[in-house]
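**Q** Quick one, what's the 3D model for this:
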Amino acid sequence: MRPALSPLAFAILSVISASISATTEIPAPEQTVEVPQLQPIKTQAEKRNTVGKTTYTEEEIKNTPNSSKNITDLLKVNPNVQFDRKQRSGRQQGELSPAEISINGSLPYENKFLINGLSINDNINPASSASSNSNTDLMGSSQTVAVNTDLLCNVTVLDSNVSAEYGEFTGGVVSAETCAPQTAVNQFHGSLSYDYTSDKWATQNYASQEEESKYENSVSESYQKRYTKQGLSGTLYGNLTDRLGFNLAGSHRWSDIPLKTSLNDPTHAEQERQASNFALETFYALTDQTQLKFGMLLFEDSGDYFQDNVKNSATTHTSDSQAFYIQMKNELDAVKIEQQLNYQTQNRARDGKDHLYSWLRSESKNWINTGTLAQEGSFGQFEQEEQKLEYTFKTSFAPISFGKLQNTFKMGAGYGHYEAFNHRENDSYWYVSTTNLKGASCYSTEGIRYDACDEATTNAAKYDGQYAKTRTVYGAGDIEVRQDRWHAYLENRMDYDRYFSATLGLRADYDSLSKNNNFAPRSSFSYMPFGDSSLRFTTGWNRYYGLNAFANELQNRKRMLQSTQTRNSVSDAWTETAGSRYGAMQLSNQLDTPFSDETVFAINGQHANIDWSLKWVNRDTQDILRQTLYQTVPKPTGSGTYSIYELDNSGFSKSDIFTLSLKNIEALPFKNTLHHFSLGVDYTDTQRNFSSYNDRYEDPNSLIYYDGKTMQSGNRPADNFNQPWTVRTGWDIALTDLPVRISNFMTYKYHYDAMKLKANGYTDTDGNIYDSYTPVKNASTFAWDMRGTYTLPVSKNYSTVFGLTINNITNKNNEYIDSTGQVNAEYGRQFIADVTFKF
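**A** Sure, this is the predicted structure:
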């Protein structure tokens, strides 16, 4: 469908369109003045023909169809990146959070996300699957915040043969940089942009009548039939003197999501999402050889949520990152030295009612008309925070030559102090197991009201009043974990004539929680048989160590604040159930640090205006942390048992990834147009015995029933981030006579088997019971996204850029299968309009 163009909508489209398609820090040629004293960062990152490294320039960032305006959505063009199967789901189009990605078979939290050298990883709760009203956890993801790509000048993805400079990951590295000024003194430039979309500008597809019915009911954030998303971005930059420059950038995105409720009043409510970014950098050249950069990065995401069938359940969730950093670069004759000092805080918090009550419906608890339960409240205020103080030092030396052999050394080291906190202000209670009050009073003889008590007659059991007999306690308290980490690395790049190059490196890491000293060798070898870029053979063997101990240590201590209490009558005092803390207990012994061993082989080259690459990456990841069953403890009541879990290193994954990439180097002219084409084909085969470190015990040697036969659990295919075949094509068109640009991106995903789990679902002829995994065919999908921009010059120094992004331009009804085996529809055709004013 196309958007309904009422006069108002048409006016909005004419003023509210397109994204920032022009480079914000490269003014018109007559305005560009070289300022050698300042030596600002280049806005167009150098693109070398390097295996395992892909850099996206500002122009590519602006032109790629990216309706979410976040970093991970940009990476859909990269064949070494896989997305969560629900990345294009139509169910939650009002959300602003970035999609989760896998790099070469890893899970999202095993990647490292950097902006200006600072991590935005969530190291406390990166794999949380908690709902907005979870009793024990906050919602979480691999990235603490969503970074708006409008503020970025380049994004680099390191997927294999990663330098020893980088550590604390077993997947890949995604590094983004903001912009620096390249203008004449006292000339200031910038941009303002606005973008808009809504459900009225989209077609909603359905996989079944059942799914359509869920959209029509639309009572939770899981099915968002209606939404409106908008965003504002702005930049301002310039050089105040020949040595002092600045860059200021900010953005605010927001989304309104109207939903229904299952309550008698109100019957409708609205959820909201917001995401704000702010960046300020100043650049000062002390001398021609020494530059300073002072930076501040402030990010905040927030959301208002509610439970559709629970009274007074509104909660507000916030996630923020605040960072301040100082960087100094010295460029001497024989050495380049770079130092950076960072201070950063990352916070997630939830605010809501302190207690949750599960009542039987009664004359006074009558806010819902269906079912026997009437619930009200929430699980209270809860907060987690990480504070970081980091210092890094790296040095690059001038090449040293011995005949035809040239050696280029670089080395570095760093230290970080980290403190993480869990804070709950007040005890939070979940009241359950209501029983008959039998006409008694809810007040003591002193006039004090008993908690969780109601004198009204219930509807179902016809109790003469009711009171809760059991409650789960989520205790108030502060939990603090401290960690110190250091690293050091040494690397040498060797070039022999024009035919051979090799990089050998070694990285050492230590952290005070695991007390492990880890040494990671890195190597890469390249052979150019013709002494130029026409043909290159590359191989490498590398080890990468991850970082999971910090998150798990904090979660272990938090669980011990949870217990169960009971009372025998409404007037009795609450007493803790003996052994109830066992159910939340998790033990940790000395754990090894997860690591991934990598083998790389690639052939790439350039021929007849074609840049091509064929690559194989093998990843063998071991010692991944898992929750496994330690023992069961009988309950003191004699009915049932408590399960005690422990963390161990039993997790593993194995991946083989094959990729083919093709693109033309110079634009291909055709009449009055210039064309760039790209093709990426990848095949992925991943096996893992877990979905995240939060998964409970699954012994890789235990037997399961899969696809008609029993097998070891560790041999079944991974059920996410494991799309076997994907074809990605890009086609960029620039008109030479008009300021028009059109970018097309098409994706074809071959069909594959998803898995539906049924616990204890198969019994063999000997009576043995196994978990059953049934393969369910996920059909092939095709998606065509397009972005077009038109630049309207206003005057010599001013212009307006109008643009339109269309997702799924053919409106193909693609489907995906989730972890429960349910078939869901991806989103249909969408229109996103935006406009940018540049000065």
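**Q** ok, the closest residue to residue 218 other than its chain neighbours - contacts?
**A** Leaving aside its chain neighbours, residue 218 sits nearest to residue 225 (4.3 Å; criterion: Cβ to Cβ, 6 or more residues apart in numbering). All C-beta spots, glycine's among them, are computed from the backbone N, C-alpha and C. Taking Cβ atoms under 8 Å, 6 or more residues apart in numbering, we find residue 225 in contact with 199, 204, 215, 216, 218.
**Q** Nearest residue to the third one in space, ignoring adjacent ones along the chain?
**A** Going back to what we said before, that points to residue 215. residue 225 (4.6 Å).
**Q** do the fourth one as well
**A** Counting by Cβ to Cβ, 6+ apart, the nearest residue to residue 216 once its immediate chain neighbours are dropped is residue 225, at 7.0 Å.
**Q** What helix or strand is that neighbour located in?
**A** Using DSSP states H and E, residue 225 falls within no helix or strand.
**Q** ditto for the one 4 residues further on
**A** When elements are defined using DSSP H and E, residue 229 is found to belong to strand 228-239.
**Q** quick one, strands of the stretch 301-450 of the chain?
**A** For the stretch 301-450 of the chain, the strands defined by DSSP state E, counting those that start in this stretch occupy 310-311, 315-331, 335-351, 356-360, 373-377, 382-397, 400-402, 405-424, 428-436.
**Q** Next, format these as CSV and append mean neighbour count, mean pLDDT and distance to residue 181.
**A** Formatted as CSV, the strands of the stretch 301-450 of the chain follow (neighbours: other Cβ atoms under 10 Å; pLDDT from 0 to 100; distance: least, Cβ to Cβ, whole Å):
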stretch, mean neighbour count, mean pLDDT, distance to residue 181
strand 310-311, 22, 94, 52
strand 315-331, 18, 96, 16
strand 335-351, 18, 96, 20
strand 356-360, 23, 96, 53
strand 373-377, 20, 95, 52
strand 382-397, 18, 96, 24
strand 400-402, 11, 94, 35
strand 405-424, 17, 96, 27
strand 428-436, 19, 95, 50
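**Q** if we compare those strands, which one ends up closest to residue 456?
**A** Closest to residue 456 of the strands of the stretch 301-450 of the chain is strand 356-360 (Cβ to Cβ; 9.4 Å).
**Q** Now do that closest one: distance to the chain's middle.
**A** Centroid separation for strand 356-360 versus its chain: 35 Å, with Cα atoms, centre = their mean, to the nearest Å.
**Q** next one: stretch 276-288
**A** 27 Å.
**Q** Please apply the same query to stretch 387-407.
**A** For stretch 387-407, the separation from the chain centroid amounts to 31 Å (computed by Cα atoms, centre = their mean).
**Q** Equivalent analysis for stretch 278-291, please.
**A** 31 Å.
**Q** For it, the averaged confidence score.
**A** Stretch 278-291 carries an average pLDDT of 95.
**Q** Same check on stretch 63-70?
**A** The average pLDDT for stretch 63-70 rounds to 88.
**Q** same check, this time on stretch 776-785
**A** 92.
**Q** quick one: buried residues of it?
**A** 778, 781, 783, 784, 785 (16 or more other Cβ atoms under 10 Å).
**Q** Residue 274 versus the residue nearest to residue 216, what's the distance?
**A** Per Cβ to Cβ, to the nearest Å, residue 225 is found 21 Å from residue 274.
**Q** One more: residue 758?
**A** Residue 758 sits 40 Å away from residue 274 when distances are taken as Cβ to Cβ.
**Q** Equivalent analysis for residue 766, please.
**A** Between residue 766 and residue 274 the computed distance is 58 Å (Cβ to Cβ).
**Q** same thing with residue 828?
**A** Remark: distance between residue 828 and residue 274 (Cβ to Cβ) = 26 Å.
**Q** Between the two, which is the more surrounded one?
**A** Each of residue 828 and residue 274 has its neighbours counted (other Cβ atoms under 10 Å); residue 828 has more, 19 against 15.
**Q** pretty sure that one belongs to a helix, no?
**A** No. Counting by DSSP: H, G, I helix; E, B strand; the rest coil, one finds residue 828 to be coil, located in no helix.
**Q** Just read off the phi/psi values of the residue nearest to residue 218.
**A** phi -70, psi -40 (degrees, to the nearest 10).
**Q** Model confidence score at it, please.
**A** So, for residue 225, pLDDT stands at 94.
**Q** just residue 596 next, same as before
**A** 97.
**Q** just the one 3 residues further on next, same as before
**A** Per-residue confidence for residue 599 comes out at a pLDDT of 98.
**Q** now it: how far from residue 680?
**A** 21 Å.
**Q** can you map out the strands along the stretch 601-750 of the chain?
**A** Secondary structure of the stretch 601-750 of the chain (DSSP E, counting those that start in this stretch): strands at 610-634, 641-664, 668-670, 673-688, 703-706, 709-712, 725-735, 740-749.
**Q** List the strands paired with the first one, with their directions.
**A** Taking DSSP bridges as the criterion, strand 610-634 forms sheet pairs with strand 595-607 (antiparallel), strand 641-664 (antiparallel).
**Q** can you check the shortest one too?
**A** Here strand 668-670 has these sheet partners by DSSP bridges: strand 673-688 (antiparallel).
**Q** quick one: low-confidence ranges for the stretch 651-800 of the chain?
**A** 691-702, 712-716, 718 (pLDDT under 70).
**Q** how about stretch 179-192: buried residues?
**A** In terms of neighbour count (16+ other Cβ under 10 Å), stretch 179-192 has its buried residues at 179, 180, 181, 182, 183, 184, 188, 189, 190, 191, 192.
**Q** From those residues, which land in strands?
**A** Judged by DSSP state E, the subset of the buried residues of stretch 179-192 located in strands is 188, 189, 190, 191, 192.
**Q** thinking again about what came up before, select only the buried ones of the contacts of residue 225 in ChimeraX?
**A** Buried members of the contacts of residue 225, defined by 16+ other Cβ under 10 Å, are picked up in ChimeraX with:
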select :199,204,215,218
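**Q** Sweet, I'm off.
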